[in-house]
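Trainee: give me coordinates for this.
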Amino acid sequence: MPTKKAPFYKIVFRNVFRRVENIIFLLKEKLVDRHFLYFSSVMVAITCALAVILLKSFAHNIYLSANKINSFLKLPYINSILPIAGILLTVFVVKNFLNNKLEKGSSRILYAVAKKGGILPKKQMYAQIITSSLTVGLGGSAGLESPITITGAAFGSNFAQKYHLSQKDRLLLLACGVAAGISAAFNAPIAGVLFAIEVVLTDVSISAFIPIMISAATGAIISTAILSNDVILSFSNVKEFNYRNTPYYILLGILAGFISLYHSRLFQKTEKYFASFKNKGYRRALIGSSILAIMIFFFPTLFGEGYESIKTLSESNPGILMDNTWLEKFNKNEFVLLGFVGFTMLLKAFATGITLGSGGNGGNFAPSLFVGSYLGFLLSKSINLLNFTHSLPVTNFTIVGMAGILSGLFHAPLTAIFLIGEITGGYDLMIPLMIVSSISFAVSKQFEKHSMDVKHLADKGEVFTSDKDNNILQSIDSSVLIETNYKTLLETDLPEKIIEIFSTNSQKIIPVLNNENELMGLIDYEKVRPHLFKPFGLKFFTLKELISQPKELIFLGEKTVSTMRKFEISQTETLIVLNKGKYYGCMSKIKILESYRTKLKEFIIE
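Mentor: Predicted structure coming up:
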């Protein structure tokens, strides 16, 4: 039978794509490695910026359309219906097109860096865009930044794989994609660079900043050229910093730290509860999205990313947040507004947990800014209404609060400071941003060692932390370093066999086993050495008299960090490895240190 000819547009696209690939391969041959890396950082940034534009534009236009319809209906019916459709569609796509598996959260990037050498699956280049646009674009109470960063990281990783770049360059391009994503999403190139350095990469030299800066700048340029200010989160009516407000900024920082802990823990509990449902398909999605729909009906600002409501809070008439709601007749009452804002702030963690736990896709970056702005507004407005002091600048507190929660949740104070500094169009708020971000980070860090996104992976040793030695040890697969060819003894053997083994092998210990291959003890060379060179040697000893017990034991599958800790405690060079109670082999400390030195060269990005 004759084969069916592909459509004309597919043939054209395939030919163009191949020609572009050939040009890039040619450039790789002609350019020195460093120059090709700069070119690659631009290419990755362009693709990532286009993904950001697509996602942001879709979400913004859906929000505007829903609000127009709600203004006729006088209640947020459309806002309530759309998230149900979005989460159900997301589950449909995951089930039918993504093999029923979707890796969520920016922690997947860190896992890829720590355990996969920066390799991300190809499907992450499109899976995140499709699913997050359905979930968040149709009103799911989450953010697009996490899917954007995963998409950017996937672009960088797969570009490096396609053109056969080294692991160092692959990790660097992965970070370039992340930086470009944050930069394009907020028109904040410095924040993009800092996020990539502060969160994604653990060890980087100054020269590695250049490709990351190029990517961030490229992402910002493309985003600025195409996206309007209505789509990007931005502020213009910022007032100058007044030093007399410092005590209130300190209070905001403390509150931001504790609210960060509240948000993190409630979100994780909610997501875990829904994830534990036996039926993880449409039924779970329908239950979760229906609960979310009810919440959005009463608190419509929980719809989508919530950036529009953040802008509204920072303006002169925040009461319009209650338009087209059941509280519309109270939109001039400032105490009702405070109650509305406070309840919405506390419910955001629950709403985001339901959105992601019931099958939707998104992240906590936007919710952190949402909660922070609501906290800043709530604090400053309350103080002003109670007349405790001179009037506080509500806009400033609304904006600075975002940095507080972002810093507390993600443990990224520098990113928080410069992100808010850039989206406000200047650095008039630099001092309060530093105060609030640092205090919030300190409070959060006191109770939670790791940030919300990576806590579950850090506890299992599957992600990099600020401990660089620990990071490199985590990346070493100690199971391949186990020596299974060690000479052993049976408990029934004669002591003379000890001399034979030590004289023909370099090993310093001899495991002693029973007939069931269970460890009975070991023969330590240092302990028996005085007897080896005596005239009668070990002739008058029994094997049992020469056996000593190991100070520490390693178990097959144990983390390398734990293994090194046991070497330090036992002060020995070789430890015995057991598998399900049976002898398996021996581990040498020297081999781990050699592997450590090799890995150290791989992970220092230059």
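
Trainee: Leu519 and Phe541: what is the separation?
Mentor: Counting by Cβ to Cβ, to the nearest Å, the separation of Leu519 from Phe541 is 20 Å. C-beta: built from backbone N, CA, C; applies to glycine.

Trainee: and the two? Which one has more around it.
Mentor: Set Leu519 next to Phe541 and count neighbours by other Cβ atoms under 10 Å: Leu519 wins out with 20 against 16.

Trainee: bridged to that one, which residues?
Mentor: Here Leu519 sits in beta bridges with Leu513, as judged by DSSP bridges.

Trainee: tell me the contacts of it?
Mentor: With contact taken as Cβ atoms under 8 Å, 6 or more residues apart in numbering, Leu519 is in contact with Pro511, Val512, Leu513, Pro550, Leu553, Ile576, Leu578, Lys582, Tyr583.

Trainee: next one: Ile354
Mentor: So Ile354 contacts Ser141, Thr270, Phe274, Gly288, Ser289, Ile291, Leu292, Met295 (Cβ under 8 Å, 6+ apart).

Trainee: cool, and Pro318?
Mentor: Under the criterion of Cβ under 8 Å, 6+ apart, the contact list for Pro318 reads Thr312, Leu337, Val341, Phe377.

Trainee: please apply the same query to Gly357.
Mentor: With Cβ under 8 Å, 6+ apart as the criterion, the residues that contact Gly357 are Thr270, Glu271, Lys272, Tyr273, Phe274, Ala275, Gly288.

Trainee: again, only this time at 7 Å
Mentor: Thr270, Glu271, Tyr273, Phe274, Ala275, Gly288 (Cβ atoms under 7 Å, 6 or more residues apart in numbering).

Trainee: narrow those residues to those in helices?
Mentor: Of the positions in those, Thr270, Glu271, Tyr273, Phe274, Ala275, Gly288 sit in helices, assigned by DSSP state H.

Trainee: just those now: which is nearest Gly86?
Mentor: The shortest approach to Gly86 among these belongs to Gly288, at 11.6 Å (Cβ to Cβ).

Trainee: in space, what's closest to the closest one - neighbours in sequence excluded?
Mentor: Using Cβ to Cβ, 6 or more residues apart in numbering and skipping the chain neighbours, the partner closest in space to Gly288 is Ser358 (2.4 Å).

Trainee: does that neighbour touch Ser289 like I think?
Mentor: Yes. At 5.9 Å, Ser358 and Ser289 qualify as touching, with contact defined as Cβ atoms under 7 Å.

Trainee: spit out the residues that contact these two alike.
Mentor: Listed contacts common to Ser358 and Ser289 are Ile87; contacts here mean Cβ under 7 Å, 6+ apart.

Trainee: in three-state terms, label Phe540 for me.
Mentor: coil (DSSP: H, G, I helix; E, B strand; the rest coil).

Trainee: I'd like to know how many residues surround it.
Mentor: The number of residues packed around Phe540, counting by other Cβ under 10 Å, is 10.

Trainee: counting contacts, what elements does the helix or strand harbouring Arg34 pack onto?
Mentor: Arg34 belongs to helix 33-73 when assigned by DSSP states H and E. The contact analysis (3 or more Cβ pairs under 7 Å, 6 or more residues apart in numbering; DSSP states H and E) places helix 33-73 against helix 8-30, helix 77-97, helix 124-135, helix 145-162, helix 167-186, helix 209-226.

Trainee: so His411 is in contact with Lys449, correct?
Mentor: No. Using Cβ under 7 Å, His411 makes no contact with Lys449, being 9.2 Å away.
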